[in-house]
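Student: structure, please.
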Amino acid sequence: MTTAESGLASALVDAILAQDVTRAVALLHPDVSFRAMTPNRFWEAEGAAGVEAIFREWFEDPDEEIHGVEATEPVAIVETMRVGWLVRISDADGPHVFEQQAYVTERDGQIDWMRVMCSGWIPLTESSP
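Tutor: A predicted model of the protein is given here:
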């Protein structure tokens, strides 16, 4: 993993932490290959515009309130970088958290391959941290 790749992956997480979809998408190669798995759906996009639509759906749901997004520790796996984020969110059912882990590679200074796994919503109780 090169420093450029590590910096690119970190920049993606920074954009997600800021909930800045436009900045996150600007880091993607126009021909990015994207797949994600959440508990109820598989997501797939070829190209940055398709990923933008997915990110907007994830982060701009009017029925949910995002209270915070925190980075998890990045890890290099040969030529792939694993990065992640923990989201604190609430809806009509109360507070929840979920974590997403993304595996990314880069080409020409942009992310050209991205796979995301989501833990699913985990309800918070009064004794939760």
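
Student: what kind of secondary structure is Glu57 in?
Tutor: At Glu57, secondary structure determined by DSSP: H, G, I helix; E, B strand; the rest coil is helix.

Student: so what's it scoring on pLDDT?
Tutor: Looking at Glu57, its pLDDT reads 88.

Student: now Leu124: how far from Val69?
Tutor: Noted for Leu124: a distance of 15 Å to Val69, by Cβ to Cβ, to the nearest Å. Using the backbone N, CA and C atoms, a C-beta is placed for each residue, glycine as well.

Student: cool, Asn40 as well?
Tutor: 21 Å.

Student: poorly predicted segments of this protein, please.
Tutor: Residue ranges of the chain with pLDDT under 70: 1-6, 61-62, 126-129.

Student: quick one, helices of it?
Tutor: Secondary structure of the chain (DSSP state H): helices at 3-17, 21-26, 48-59.

Student: what residues does the longest one touch?
Tutor: This means helix 3-17. Contacts of helix 3-17 with the rest of the structure, by Cβ atoms under 8 Å, 6 or more residues apart in numbering, involve 21, 23-24, 27, 69-71, 74, 76, 79, 81, 83-85, 102, 104-106, 109-111.

Student: fine by me, we can end here.
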